[in-house]
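Trainee: Pasting a predicted model and its sequence here:
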Amino acid sequence: MATPSTVPVDLSAALVLAPVPLADWLVVLPVASMIAFGALLMMVRKSVRLQGTIAIAGLALLVLLDAGLLWRVMVHGPVTMVMGRWLPPFGIAFTADLFGAVMALVSAVVALAAGIFALTDIDASGRRYGFFPFLMLLMAGVTGAFLTGDIFNLYVWFEVLLIASFGLLILGSEPEQIDGALKYAILNLIGTTLFLIAVGYLYAIFGTLNMADIARKAGTLRETAPLTTLTALFIFAFAMKAAAFPVNFWLPASYHTPRIVVSALFGGLLTKIGIYALIRVTVMLLPVEREELSLMIAVSAALTMLIGALGALAQNDIRKLVGYLVIAGIGNMMAGVAIGTPAAVSGAILYALNSVATMTALYLVAGEAARLAGAWSLSGLGGLYRRAPWFSAASFAFFLAAAGLPPLAGMWPKVVLLKASLDIGAWWLAASILVSAFVITLALGRVFLLAYWRPLSGPAPKMPGEDAPAGDWRIVLPLGALTFLVVLFGLLPEPLLDLTQRAATNLADPAAYILSVFPQSAIERGALP
Amino acid sequence: MNTLILRTVAPVLTALMLLFSIFVLLRGHNEPGGGFIGGLIAASALAIYGIAFGVAAVRRAIRFHPMAIAGAGLFISTLSGLISIFFGVPFMTGLWIYPVFFDVEVPLATVISFDLGVYLVVLGAITSIALALEQEPGPETGGEEG
């Protein structure tokens, strides 16, 4: 209120009056910095070279901020900041726990890798059209979704990243892209609307949107309120976002149409946001209802991973093939949600982290393979092993990681999930994880056989508009860094296993999360219900 | 549309509407109004000018590209939220100063600069769309779709 300075007001009933330590700003700064960089890039839209430099600097800063946040959360537990100083649950809370912070960090690393790759892949007209501002806004949406502690705010970040993704999807305005974008847009808007309806329903039941507050109140409302219906609505909305069976058809129809960097970002990040929201809402907020619906989730998970794997085996276009691999991964993560024990959820989180890195890398590999050999289809590709042995070695590492074979990082989450499903006696779920992994191995073996080992007759035709020299750092650096990560966490999985285990335990018992939003003093004082 | 009457009235109308949009922006501080509606009024002022004198005239008049204006607005709004880092209060907290002009105390706040940012974002984004729609279809704009 614009009251004169002389009017005394008692602020303690409405505002957080304790001073905020500087380190708490790490919760907000990743999102705020991405919006600021996006705005800056909009102002220099015409300077094509400057844009790339600013964007890479911004993404590097995002990695540093997210790493700092993860460190802070590991040492001190969940960190909360309430927007505009209003007391929760009325102020919008940003709360980072281990799960959110580690997802945000991996997304930032992947976005930096994709951003560097984009320096070659996105030409001057794509930059003038606004690739880098859209990328920044996409990352603001992604990071915001991971760090927010308010379920309506989660919806808002979904919208932000959705709008940015529309812009990225039609970069180039080719008829094929418009066709893919239309399917993507309509199905995603339906999914987001369902999410919004579910949030409205939740607000009608709980009278609050703050996640910590919902987690506190769910126990007392369970007898009287239709929470199972609400949970089913949320599961359906998030399954649509994550491209789980039977609402997975939009993904293979649209993800192969944009520039390969955009496909890489979408395949790595967007579906995982759906899984993140699913875990956050069903495992942390409404665990009893998740238990009731677990059979439905499990069946959907098993079918998703099988359909994804079989679809991958049937494809000729390598971009579509990777799209089906994304779907198969979603099935594995949902299996973790369906089982719901802390061990299974930690497997799902580990799978999500691995999938973010591997799927992005696979799309980038597909793009580089097509640039080297001049085709997107398996029937046209060939001779890559002879032409680019180092690139082939990196691709091989990602193929092993995606199939879940030792010794790469993709194996560990599958092992954890298998053990968790056998522990509760769900042998058919375990069997479908194994069958899916086996079929994916076949599909990727086929790619390696045809595209890498098969000798190519005659000189390779060049893709139009691609003139980066071989061994360009803008291609070597992102692929090399992602290979390093996948190999490192394959050989030394202990720290990551430990981290996801802790993250899953904190989700199963969100006491620390609630305490971070509502400090003990406020509850004892009786200032809050 | 492009009649003599419209061309005579348009400059006056545009100036009046721009002035009114700033009035609405500032009024929004304590009463109905604010950056969003102010930005919409300003964008419609530019749209009327565009109908009367053509898109090129509007682009010359506003000097900057509309998307650059929107970007600047977003930047101002973000900075308004970030200022509170220096005062030990959470993001987006309203911070006030009370300068005195001619013996009248004028409360100023980061809330106002945030709203100014919203004004510019709406002005820039809507103007960008309106100008694209008003653009005459021509060879350089991509034919019929314009």
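Mentor: Arrived safely.

Trainee: where does the stretch 151-300 of chain A have low pLDDT?
Mentor: Within the stretch 151-300 of chain A, no stretch has pLDDT under 70.

Trainee: Can you read off the backbone torsions of the closest residue to chain B within it?
Mentor: For the stretch 151-300 of chain A, the residue closest to chain B is A:Ser173, as judged by CB to the nearest CB, at 8.7 Å. Every residue, glycine included, has its C-beta placed from N, CA and C. Dihedral pair for A:Ser173: phi 50, psi 40, per degrees, to the nearest 10.

Trainee: Tally up the residues packed near it, please.
Mentor: Neighbours of A:Ser173 under the rule other CB atoms under 10 Å in any protein chain shown: 11.

Trainee: do B:Leu82 as well
Mentor: 18.

Trainee: OK, contacts around it?
Mentor: A:32, A:36, B:91 (CB atoms under 8 Å, 6 or more residues apart in numbering or on different chains).

Trainee: before we move on, which element is the residue nearest to B:Phe20 when sequence neighbours are not counted in?
Mentor: Leaving aside its sequence neighbours, B:Phe20 sits nearest to B:Ile41 (CB to CB, 6 or more residues apart in numbering or on different chains; 6.1 Å). Assigned by DSSP states H and E, B:Ile41 falls within helix B:35-53.

Trainee: now do A:Leu405
Mentor: Counting by DSSP H and E, A:Leu405 is part of no helix or strand.

Trainee: What residues does it make contact with?
Mentor: A:411, A:441.

Trainee: same deal with the one 5 residues further on?
Mentor: With contacts taken as CB under 8 Å, 6+ apart, A:Gly410 has the following neighbours: A:354, A:358, A:400-404, A:486, A:490.

Trainee: With respect to chain B, which of those residues is nearest?
Mentor: Nearest member of those to chain B, counting by CB to the nearest CB, is A:Asn354, at 32.2 Å.

Trainee: So the closest one belongs to a helix, correct?
Mentor: Yes - assessed by DSSP: H, G, I helix; E, B strand; the rest coil, A:Asn354 belongs to a helix.

Trainee: Quickly note the distance from the nearest residue to it once chain neighbours are set aside to A:Asp179.
Mentor: Among residues not flanking A:Asn354 along the chain, A:Ala409 sits closest, at 5.1 Å (CB to CB, 6+ apart). From A:Ala409 across to A:Asp179, the span is 35 Å (CB to CB, to the nearest Å).

Trainee: just to revisit the earlier point, my guess is the residue nearest to A:Asn354 contacts A:Val486, does it?
Mentor: Yes - using CB atoms under 8 Å, A:Ala409 is in contact with A:Val486, at 4.8 Å.

Trainee: Not counting residues beside it along the chain, what's closest to the closest residue to chain B within the stretch 401-529 of chain A?
Mentor: Nearest residue of the stretch 401-529 of chain A to chain B (CB to the nearest CB) works out as A:Val517 at 12.7 Å. Distances taken as CB to CB, 6+ apart place A:Ala212 nearest to A:Val517, at 3.8 Å, with adjacent residues excluded.

Trainee: Repeat that for A:Gly38.
Mentor: Closest to A:Gly38 by CB to CB, 6+ apart is A:Met136, at 3.4 Å.

Trainee: From A:Leu50, how far off is the one you found?
Mentor: Applying CB to CB to A:Met136 and A:Leu50 gives a distance of 14 Å.

Trainee: Who has more neighbours out of those two?
Mentor: Using other CB under 10 Å as the criterion, A:Met136 and A:Leu50 rank with A:Met136 on top: 29 against 15.

Trainee: Could you check how sure the model is about stretch A:62-79, as an average pLDDT?
Mentor: The average pLDDT within stretch A:62-79 is 94.

Trainee: buried sites along it?
Mentor: Buried residues in stretch A:62-79, defined by neighbour count with 16 or more other CB atoms under 10 Å in any protein chain shown: A:62-63, A:65-70, A:72-73, A:78-79.

Trainee: Settle this for me: A:Trp25 is touching A:Val79, isn't it.
Mentor: No - counting by CB under 8 Å, A:Trp25 does not reach A:Val79; the two are 9.5 Å apart.

Trainee: So A:Val31 is in contact with A:Phe146, correct?
Mentor: No - using CB under 8 Å, A:Val31 is not in contact with A:Phe146; the gap is 9.4 Å.

Trainee: Could you report the neighbour count for residue 33?
Mentor: I went with chain A, as the question did not name one. If you count neighbours by other CB under 10 Å, A:Ser33 ends up with 22.

Trainee: that's the other chain; I wanted chain B
Mentor: Neighbours around B:Gly33, by other CB under 10 Å: 18.

Trainee: in chain B, what residue sits furthest out from the centroid?
Mentor: B:Gly88 (31.3 Å; CA atoms, centre = their mean).

Trainee: Chain B against chain A: which residues are in contact?
Mentor: B:29-30, B:65, B:67-68, B:70-75, B:78-79, B:81-82, B:85, B:88-94, B:96, B:98, B:105, B:107, B:109 (CB under 8 Å from any CB of the partner chain).

Trainee: quick one, what contacts the residue of chain B found nearest chain A?
Mentor: Proximity of chain B to chain A (CB to the nearest CB) peaks at B:Gly71, 2.8 Å away. By CB under 8 Å, 6+ apart, the contact set of B:Gly71 is A:38-43, A:45, A:133, B:124.

Trainee: re earlier: ok, now how distant is the residue of the stretch 151-300 of chain A closest to chain B from B:Ser77?
Mentor: Taking CB to CB, one finds A:Ser173 at 30 Å from B:Ser77.

Trainee: hang on, A:Ala218 in a strand?
Mentor: No - counting by three-state DSSP, A:Ala218 is not found in a strand; it is helix.

Trainee: isn't it right next to A:Thr282, touching?
Mentor: No - assessed by CB under 8 Å, A:Ala218 is found out of contact with A:Thr282, at 11.5 Å.

Trainee: So which of the two has more stuff around it?
Mentor: The neighbour count for A:Ala218 versus A:Thr282, taken as other CB under 10 Å, is higher for A:Thr282 (24 against 19).

Trainee: just the strands in the chain please.
Mentor: Picking chain A for this. Taking DSSP state E, the strands of chain A run over residues A:79-82, A:93-96.

Trainee: Oops, wrong one, chain B.
Mentor: B:96-97, B:100-101, B:104-105, B:108-109.

Trainee: quick one, what contacts A:Ala93?
Mentor: A:80-83, A:148-150, A:210-212, A:517.

Trainee: just checking, which of the residues you listed belong to helices?
Mentor: A:211-212, A:517 (DSSP state H).

Trainee: okay if I get those residues as JSON lines plus neighbour count?
Mentor: Output for the ones in helices among the contacts of A:Ala93, formatted as JSON lines (neighbours: other CB atoms under 10 Å in any protein chain shown):
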{"residue": "A:Met211", "neighbour count": "25"}
{"residue": "A:Ala212", "neighbour count": "26"}
{"residue": "A:Val517", "neighbour count": "25"}
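
Trainee: Adding distance to A:Val345, write these out as TSV.
Mentor: As requested, these are exported to TSV (distance: CB to CB, whole Å):
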residue	distance to A:Val345
A:Met211	16
A:Ala212	19
A:Val517	21
